[in-house]
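Q: structure, please.
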Amino acid sequence: MGRRSSVVRLGWAYARHQLRRRFRESLPAHAQEVLTAYAGDGLQPLTLNERGRLPAVSRCINCGLCALVVKRVGGVRVADLPAAYLRDYTQLPAAATDLEGGDPGTHALLSAAAVCPVSVPLAEVAAAVRRLGASQREEGA
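A: Coordinates of the predicted model:
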C-alpha cells in the first residue's frame, strides 16, 4: 500500500508541474532581454577582462594573509573583498562605497596579492567592484 500511495503522489506532483509549465511566462531569450528584465537589480555584464579574471577571483580561500599586508581598503577588510563583495551583484553600490576613502593604492594591493597563496588579483577585484558599483549608482540616480 505504501508503494501505491507514493506512485499516486508522484503522479500528482507531475500533474502540478505540467500545469505550472503551461501557465509560466516564457524566459527571456536574448542577452538584452535579460539585462532589461534584471535592470532593477542593477546587474551589469562583466567586461571580457573581468570575465577572464573571475576564476582567479573565485579561488580565494579566506586565509587573511592579504589583510596582514594591507588591513583595509576604505571600510573593507582586504580578505573580504574577493570572497564577499564580488558575489552579490545587487550589493555592489554599497561595496563600492565601502571601498572609498583610505585607499592604500594599487601598489599596496599588489603587495597584498603577492602574498596570496592562490594568486587572487586584488587590485583588479577592487577596480571591477568600483566600476560595477558606480554604474549601478548612476542608473539608480
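
Q: number of residues surrounding residue 133?
A: When neighbours are defined as other C-beta atoms under 10 Å, residue 133 has 24 of them. For every residue, glycine as well, the C-beta is placed using N, CA and C.

Q: contacts only, for it.
A: Counting by C-beta atoms under 8 Å, 6 or more residues apart in numbering, residue 133 touches 92-97, 99.

Q: filter those residues to the buried ones?
A: 92-93, 95-97, 99 (16 or more other C-beta atoms under 10 Å).

Q: return the member of those nearest to residue 68.
A: Nearest to residue 68, judged by C-beta to C-beta, of these is residue 99 at 19.3 Å.

Q: quick one, grab the pLDDT at the nearest residue to that closest one once chain neighbours are set aside.
A: Nearest residue to residue 99, sequence neighbours excluded (C-beta to C-beta, 6 or more residues apart in numbering): residue 74, at 4.6 Å. Per-residue pLDDT puts residue 74 at 81.

Q: before we move on, what about residue 45?
A: 76.

Q: for the nearest residue to residue 119 once chain neighbours are set aside, give me phi and psi.
A: Excluding the flanking residues, the one nearest residue 119 by C-beta to C-beta, 6+ apart is residue 56, at 6.3 Å. The phi/psi pair for residue 56 (degrees, to the nearest 10) reads phi -70, psi -40.

Q: could the contacts of residue 133 be laid out in TSV, adding pLDDT, distance to residue 112 and secondary structure?
A: Converted to TSV, the contacts of residue 133 look like this (pLDDT from 0 to 100; distance: C-beta to C-beta, whole Å; DSSP: H, G, I helix; E, B strand; the rest coil):
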residue	pLDDT	distance to residue 112	secondary structure
92	72	21	helix
93	75	24	helix
94	75	22	helix
95	74	17	helix
96	77	19	helix
97	79	21	helix
99	79	14	helix
